[in-house]
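Undergrad: got a structure for you, letters missing:
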């Protein structure tokens with residue numbers, strides 16, 4: 001049997017073993033059908049909610065299984081106490097950091113987590129709460145989106161201190177842990193008498209989709225299609241496939257230049273796949289197709305998940321649904337599972353996305369006009385708006401712009417709109433009472 005086939009078989013056996021090891025550690029996360037998304041796409045859309053997993057993402061699966069394997073191996077060789085003392089080290093800006101720190105804490109193993117200085121406070125504090133020793137690292141002048149300095153520091157700690165470096169995706173044990181999601185999807189749908197036509201998975205370095213695709217293809221064969229979704233700013237796996245580069249080329253250090261290096265899907269912002277994940281995803285073709293989505297499409301999916309499914313999801317976690325809703329993947333008449341991989345969203349980004357999407361949808365509107373700067377004038381405007389049953393969200397007044405007459409004040413009013421047509425009625429009433437207001441189109445509040 002060819003070595004590549006042996007590799008896949010080995011990982012599949014590890015996935016089944018990981019399922020047993022993780023049974024009392026991780027949640028078997030819910031797999032729910034979304035009526036809203038099903039109606040919109042004319043398919044049957046199911047959501048695998050790994051955002052509800054411990055630490056807020058799927059990463060705990062691979063991290064815990066890797067550490068458990070290390071404990072078993074060091075116990076067998078008689079150096080388990082030395083391993084626990086030296087511990088493990090990882091480099092991450094978020095989910096992998098929390099997964100490793102939490103898994104190490106559960107296992108009684110010391111952990112050091114190197115994070116870039118631009119990490120969000122919520123992810124930094126969560127990692128510290130899991131008893132991980134957090135080290136902030138960033139090279140002066142290095143673009144803030146890069147992880148190079150943090151990764152190099154983690155590797156230095158591993159070499160100098162003897163801590164075991166846990167790679168976020170290019171490790172067969174980590175891949176096996178993530179692959180347990182594939183087993184759960186098959187089992188949960190089988191209980192409902194359903195066989196999936198497609199499973200859609202976010203892709204960064206490829207660890208998640210490698211494990212899931214092996215599990216699915218080994219159980220269901222080619223009757224199930226596996227789609228990977230990358231950010232259009234970080235399509236490293238797609239570029240590797242299109243360039244027909246080999247895993248040997250990846251090991252030799254081939255990189256794929258990215259467009260801008262910025263995305264709200266920071267969890268899949270990876271510049272190069274691993275040689276192992278590339279071999280599984282591209283050379284073995286366990287993944288049928290790779291597509292890319294924009295930040296606009298991801299933001300819209302995040303908003304709809306929050307509003308329609310009452311589900312809080314981070315950018316990377318929403319990429320799979322973004323590909324479905326934007327019709328990058330045609331699911332009409334098919335049973336499709338979108339893996340929602342994580343929910344550790346930056347609350348400041350989330351706030352901006354909600355306001356932005358409400359504005360785009362015409363439910364949060366600004367109107368602007370100039371009124372006389374005299375007592376009672378603004379109250380007259382507010383009364384007219386109130387007569388339409390419309391809520392005022394915010395009011396801003398500008399008096400000091402040189403382009404505004406000394407006796408005038410420019411007023412911007414943010415309105416919460418229940419249905420279309422109300423804004424036109426408000427503007428018409430204001431005009432009839434000699435107020436000149438206009439709508440500020442697509443201007444986020």
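TA: Now that the structure is in, tell me what you want to look at. On a predicted model such as this, the values are computed, not experimentally measured, just so you know.
Undergrad: CA atoms for contacts and neighbours, from now on please.
TA: Noted.
Undergrad: next SSE after the helix or strand hosting residue 348?
TA: Applying DSSP states H and E as the criterion places residue 348 in helix 347-360. For helix 347-360, the succeeding helix or strand toward the C-terminus, using DSSP H and E, is strand 364-372.
Undergrad: where does this protein have low pLDDT?
TA: 1-4, 138-146, 259-261, 441-445 (pLDDT under 70).
Undergrad: which residue ends up closest to the midpoint of it in space?
TA: The chain has residue 316 as the residue nearest its centroid, 1.8 Å off, counting by Cα atoms, centre = their mean.
Undergrad: Following element in sequence after whatever helix or strand it lives in, please.
TA: Following DSSP H and E, one finds residue 316 within helix 315-325. Where DSSP H and E defines the elements, the next helix or strand beyond helix 315-325 is strand 335-340.
Undergrad: follow-up on the earlier one: enumerate the positions of the helix holding residue 348 that are buried.
TA: Buried residues in helix 347-360, counted by 16 or more other Cα atoms under 10 Å: 350, 353-360.
Undergrad: Export those to TSV and append columns for distance to residue 206.
TA: What follows is those, written out as TSV (distance: Cα to Cα, whole Å):
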residue	distance to residue 206
350	25
353	27
354	29
355	32
356	30
357	30
358	33
359	35
360	33
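Undergrad: Residue 224 is in contact with residue 217, isn't it?
TA: Yes. Applying Cα atoms under 8 Å, one finds residue 224 in contact with residue 217, separated by 7.1 Å.
Undergrad: which residues of this structure fall in strands?
TA: Applying DSSP state E to the chain gives strands spanning 31-33, 44-49, 88-91, 111-115, 133-136, 164-165, 198-202, 225-231, 289-293, 335-340, 364-372, 391-398, 408-416, 436-440.
Undergrad: Can you say which of those strands is nearest to residue 188?
TA: Nearest to residue 188, of all the strands of the chain, is strand 31-33, at 7.1 Å by Cα to Cα.
Undergrad: how distant is the closest one from the center of its chain?
TA: In this view, strand 31-33 has its centroid 18 Å away from the chain centroid, taken as Cα atoms, centre = their mean, to the nearest Å.
Undergrad: And residue 376, its phi and psi?
TA: phi 90, psi -20 (degrees, to the nearest 10).
Undergrad: picking that back up, could you find the closest non-adjacent residue to the residue nearest to the centre of the chain?
TA: residue 265 (4.2 Å; Cα to Cα, 6 or more residues apart in numbering).
Undergrad: Against residue 131, how distant is the one you found?
TA: Between residue 265 and residue 131 the distance, using Cα to Cα, to the nearest Å, works out to 26 Å.
Undergrad: what about residue 400, how many neighbours?
TA: Using other Cα atoms under 10 Å, residue 400 has 12 other residues around it.
Undergrad: give the contact list for the residue nearest to residue 316.
TA: Shown in contact with residue 265 (Cα atoms under 8 Å, 6 or more residues apart in numbering): 231, 295, 298, 314-317, 319.
Undergrad: Let's see that with 7 Å instead.
TA: 231, 315-316 (Cα atoms under 7 Å, 6 or more residues apart in numbering).
Undergrad: And residue 432, by the same measure?
TA: Per Cα under 7 Å, 6+ apart, neighbours of residue 432: none.
Undergrad: circling back: from what I can see the residue nearest to the centre of the chain touches residue 263, true?
TA: No. Contact criterion Cα atoms under 7 Å: residue 316 and residue 263 do not qualify, at 9.3 Å.
Undergrad: sorry, back to before: got the angle between the helix holding residue 316 and strand 44-49?
TA: Counting by axes from the mean of the first three to the mean of the last three Cα atoms, to 10 degrees, helix 315-325 points 180 degrees away from the direction of strand 44-49.
Undergrad: by contact count, what packs against helix 315-325?
TA: Helix 315-325 sits against strand 198-202, strand 225-231, strand 289-293, helix 295-308, strand 335-340, with contacts defined as 3 or more Cα pairs under 7 Å, 6 or more residues apart in numbering; DSSP states H and E.
Undergrad: Compare those and give me the one nearest residue 393.
TA: Nearest to residue 393 among the helices and strands packed on helix 315-325 is helix 295-308; the distance by Cα to Cα comes to 18.9 Å.
Undergrad: Would you mark the buried spots in that closest one?
TA: 295, 297-305.
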